[in-house]
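Visitor: Make a model of this:
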Amino acid sequence: MASLQIRGLDEYANKIQKLYKDSEVLMKRAIYNGAGIVADSMKRAIQSIPIEEGPGGLPPYGTAEEPLTGISRRQKADLLDGFGLSKFENTNGYLNVKAGFDGYGSVSTRRYPQGAPNVLLARSITTGTRFRRKNPAIRNAVRKSREQAVQKMSDTIDEQLRKDFG
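Guide: Just a heads-up that it's a prediction; the model follows:
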């Protein structure tokens, strides 16, 4: 936890004023550093999803009797390409950044001839469907990296406070 040593009321007032002025910049930096840890963990989880391909490198069709356990190389590449961090949102004083999927995959299906939304593919992998076995690798990666991300955010703030206030 950050701590400051203050000698005299004027010094205290100056430090609080500087802290207040730069607090949003500092918080954004800390949040992005923490989100980066979670994002890296999520990318590793995506890379760990097994490859399962049919003829021509396309994903095979799963059934209730024989559900899919993996994704094709192209689907994995689409997920990695569509993954990223959002811009900051300030919701009633709370700064938020989200890690997630955007865009559409390059593998066409009957329902999505132009390619399925990447967020839909990620959700079907995480929660499972009638034709795909559940693989919670992404959810587990987020859960496991949470503590490390919080520590990174705390370290970022402490480091900046030490730099600014000695």
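Visitor: Could you use CA atoms for every contact and neighbour count after this?
Guide: Noted.
Visitor: Give the next helix or strand downstream of the longest helix anywhere in the chain.
Guide: Longest helix of the chain, by residue count under DSSP state H: helix 9-48. Using DSSP states H and E, the next helix or strand after helix 9-48 towards the C-terminus is helix 73-82.
Visitor: what angle separates the longest helix of the chain from helix 73-82?
Guide: 170 degrees (axes from the mean of the first three to the mean of the last three CA atoms, to 10 degrees).
Visitor: Counting by contacts, list what helix 9-48 packs against.
Guide: helix 73-82, strand 83-85, strand 99-101, helix 137-165 (3 or more CA pairs under 8 Å, 6 or more residues apart in numbering; DSSP states H and E).
Visitor: what about residue 39, neighbour count?
Guide: Residues near residue 39, counting by other CA atoms under 10 Å, number 24.
Visitor: and it, how far is that from residue 138?
Guide: As judged by CA to CA, to the nearest Å, residue 39 and residue 138 stand 10 Å apart.
Visitor: where are the low-confidence patches of the protein?
Guide: 1-17, 19-20, 166 (pLDDT under 70).
Visitor: Try it again at 80.
Guide: 1-23, 56-59, 93, 161, 164-166 (pLDDT under 80).
Visitor: ok, back up a step: out of the helices and strands packed on helix 9-48, flag the one nearest residue 111.
Guide: Nearest to residue 111, of all the helices and strands packed on helix 9-48, is helix 73-82, at 15.9 Å by CA to CA.
Visitor: Only the C-alpha atoms, please, for that closest one, written as CSV.
Guide: Listed next in CSV are the C-alpha coordinates belonging to helix 73-82 (Å, rounded to 0.1, in the frame of the first residue of the first chain):
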residue,chain,number,x,y,z
ARG,A,73,-6.3,-23.3,-36.7
ARG,A,74,-8.1,-20.6,-38.6
GLN,A,75,-10.7,-20.1,-35.7
LYS,A,76,-7.8,-19.9,-33.2
ALA,A,77,-6.1,-17.2,-35.4
ASP,A,78,-9.4,-15.4,-35.7
LEU,A,79,-9.9,-15.3,-31.9
LEU,A,80,-6.3,-14.0,-31.4
ASP,A,81,-6.7,-11.4,-34.1
GLY,A,82,-10.1,-10.2,-32.7
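Visitor: and it, how far from the chain's centre?
Guide: Centroid separation for helix 73-82 versus its chain: 15 Å, with CA atoms, centre = their mean, to the nearest Å.
Visitor: what number of residues lie near residue 46?
Guide: 20.
Visitor: Could you do the one 5 residues further on as well?
Guide: Residues within reach of residue 51, counting by other CA under 10 Å, total 16.
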